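S.K.: Whatever this is, show me its structure:
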Amino acid sequence: MAPPPSAASSPAASGTGFGAVRQIDAGLLNVGYVDAGPADGPVVLLLHGWPYDIHSYVEVVPLLAGAGYRAVVPYLRGFGTTRFLSDATFRNGEQAALALDAIALMDALEIERAMLAGFDWGARTAGIVAALWPERCTGLVSVSGYLIGSQEAGRLPLPPAAELQWWYQFYFATERGRAGYERYRNDFAKLIWRIASPRWEFDEATFDRTAQSFGNPDHVDLVIHNYRWRIGLADGEPAYAELERRLAEFPVITVPAITLEGDANGAPHPDPATYAERFAGKYRHRLLGGGVGHNLPQEAPQAFAEAIVEVDAY
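M.R.: Numbering: from 1, shown residues only. Prediction:
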């Protein structure tokens, strides 16, 4: 494929927003998603994290579309216009459930194989798909590297300075934390944005555009369950037990991959030296300078798009 156009030449580089959000039934969900670029182009599935949404890719998508890619950007369960099809479905935030959401969306859209790229929750989900279903994944771009986890690992204590970075996880472990997030979710998210990306000078309009996604009726349940599950304070579902068993073995990723990190990432993230061996295919790690933080696709869209094009050429 052609290299992505520069942000300055992209018709949507100003970040004014996507086109219409589409809806499709996929697995347990009715998924809201953006689908841009040529319908017959190589597919890139772009996955966001918490507390963010599809607008983390608002400047990445036109760069990819301009280079001939079809970019699909879904709202994760609990965000934006994505809804559960049944009120009876447990609002499960464990990692295997989110990964199966991605597979279900690909199936619903009749996408056999795609490049997967993401950050935060989205990087974990992309990594899981690459590790467990490599036949569905042409390549991987993952911010902060290999993020597959397990409850057993999550129960292990960290040094105090590392535990401090996870303060919100311990807050969410309490009912006070749940109530606090329910009441102050936008203030909470803005605080996380500032901590995780201390040099990103986002404006109120940029934040407010994404904050609308946190009004999803399942948002609080999903976020609280996700973080409680990680440290063994909430159970998963039996349907995902076998996948979680496989993930607890920290499977190697064999598809071509690039991992990215920003030099000003204020969120908890592993040292690249600790996960390089988890990538068995062609692999590169890249550190971005200039004050790039945790929300790397939105802070450095050109570099993110270029990594996708590079992996596609491997």
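S.K.: Let me know the pLDDT of residue 256.
M.R.: Reported pLDDT at residue 256 in the predicted model: 98.
S.K.: Residue 213 versus the closest residue to it other than its chain neighbours, what's the distance?
M.R.: Leaving aside its chain neighbours, residue 256 sits nearest to residue 314 (3.8 Å; criterion: Cβ to Cβ, 6 or more residues apart in numbering). To be clear about C-beta, it is placed using only N, CA and C from the backbone, and glycine gets the same treatment. Going from residue 314 to residue 213 by Cβ to Cβ, to the nearest Å gives 33 Å.
S.K.: Next: residue 167.
M.R.: Taken as Cβ to Cβ, the span from residue 167 to residue 213 is 23 Å.
S.K.: quick one: which of these two has more around it?
M.R.: residue 213 (23 against 10; other Cβ atoms under 10 Å).
S.K.: How is the more buried one assigned, secondary-structure-wise?
M.R.: helix (DSSP: H, G, I helix; E, B strand; the rest coil).
S.K.: List the contacts of the strand or helix carrying residue 96.
M.R.: Here residue 96 sits within helix 95-108, counting by DSSP states H and E. With Cβ atoms under 8 Å, 6 or more residues apart in numbering as the contact definition, helix 95-108 has outside contacts at 24-29, 31, 33, 45, 47, 72, 74, 76-77, 112, 114, 116, 121, 124-126, 128-129, 132-133, 136, 148-149, 236-237, 240, 243-244, 247.
S.K.: Restricting to C-alpha, output it in CSV.
M.R.: Extracted as CSV, the C-alpha positions of helix 95-108 are listed here (Å, rounded to 0.1, in the frame of the first residue of the first chain):
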residue,chain,number,x,y,z
GLN,A,95,-10.1,-9.6,28.7
ALA,A,96,-11.4,-12.8,27.0
ALA,A,97,-14.9,-11.3,26.6
LEU,A,98,-13.6,-8.2,24.9
ALA,A,99,-11.4,-10.3,22.5
LEU,A,100,-14.4,-12.3,21.5
ASP,A,101,-16.3,-9.1,20.8
ALA,A,102,-13.6,-8.3,18.2
ILE,A,103,-13.9,-11.7,16.6
ALA,A,104,-17.7,-11.4,16.6
LEU,A,105,-17.5,-8.0,14.9
MET,A,106,-15.1,-9.4,12.2
ASP,A,107,-17.5,-12.3,11.6
ALA,A,108,-20.6,-10.0,11.4
